[in-house]
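Chemist: predicted coordinates and the sequence they were generated for:
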Amino acid sequence: MTYRFYGWASADVLPVNALFGGVGDPRHLYDLLSGIWCEATCAPRLRQGWTKENRTLGQCSITAFLVQDIYGGSVYGILRPGGNYHCYNAVDGCVFDLTSEQFGDETLDYTDNPEQFREVHFAKEEKRLRYEYLRACLLDIL
């Protein structure tokens, strides 16, 4: 099967957290999250544009930190117009971005970006609550 998220072809890392043992590689996680991502997990500033056809819109940071919980590694951010960061993952040299589809044909630069930290992102309560909801939904289906 062909996926459209950045790094899908080489996303061959496996979970390091036994809590998520039912998850396989990031392609499998993408499949699971595709049934969970929703308007409620979308960043509030982007909700008016969220659709089932563009389900990764506004899901980047909460997804990237969930990916970090599952596979380890680091979360990095691409500075976007307006000052926000688009988050993605790097695990053991494997770089992938489960939510890159939201940008359509735009090419993002996944090199030399600053590391992102959950303490900073989750200082916004709404973001922490969206992350907790996404995580709980994933654990429910596992």
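Modeler: That came in fine, so what should we check first? Numbers count the residues shown, from 1 in each chain.
Chemist: only C-alpha atoms from now on, for both contacts and neighbour counts.
Modeler: Noted.
Chemist: can you tell me which residue is nearest the centre of this structure?
Modeler: Residue closest to the mean C-alpha point of the chain, counted by C-alpha atoms, centre = their mean, is Thr63 at 2.8 Å.
Chemist: what are the ranges of the helices in the protein?
Modeler: 26-34, 60-71, 118-121, 125-141 (DSSP state H).
Chemist: now do the last one against helix 26-34, angle only.
Modeler: If you take axes from the mean of the first three to the mean of the last three C-alpha atoms, to 10 degrees, helix 125-141 sits at 110 degrees to helix 26-34.
Chemist: start the count at 38 instead of 1 going forward.
Modeler: I'll keep to 38 as the first residue from here, and by that count the last item is helix 162-178.
Chemist: which strands or helices does helix 162-178 pack on?
Modeler: Helices and strands touching helix 162-178, by 3 or more C-alpha pairs under 8 Å, 6 or more residues apart in numbering; DSSP states H and E, are helix 97-108.
Chemist: also the second one?
Modeler: Other helices and strands packing on helix 97-108, by 3+ C-alpha pairs under 8 Å, 6+ apart, are strand 111-116, strand 122-128, helix 162-178.
Chemist: the second one: how far from the chain's middle?
Modeler: What it means is strand 122-128. 7 Å (C-alpha atoms, centre = their mean, to the nearest Å).
Chemist: that strand pairs with which strands, and in what direction?
Modeler: Partner strands and pairing direction for strand 122-128 (DSSP bridges) are strand 111-116 (antiparallel), strand 131-133 (antiparallel).
Chemist: list the buried ones in the first one?
Modeler: Taking 16 or more other C-alpha atoms under 10 Å as the basis for neighbour counts, the residues of strand 111-116 that come out buried are 111-115.
Chemist: just the C-alphas of that strand, formatted as CSV.
Modeler: The C-alpha trace of strand 111-116 is given here as CSV (Å, rounded to 0.1, in the frame of the first residue of the first chain):
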residue,chain,number,x,y,z
SER,A,111,12.6,13.5,19.1
VAL,A,112,10.0,16.0,17.9
TYR,A,113,11.1,18.8,15.6
GLY,A,114,9.3,21.8,14.3
ILE,A,115,9.2,23.6,10.9
LEU,A,116,8.5,27.3,11.4
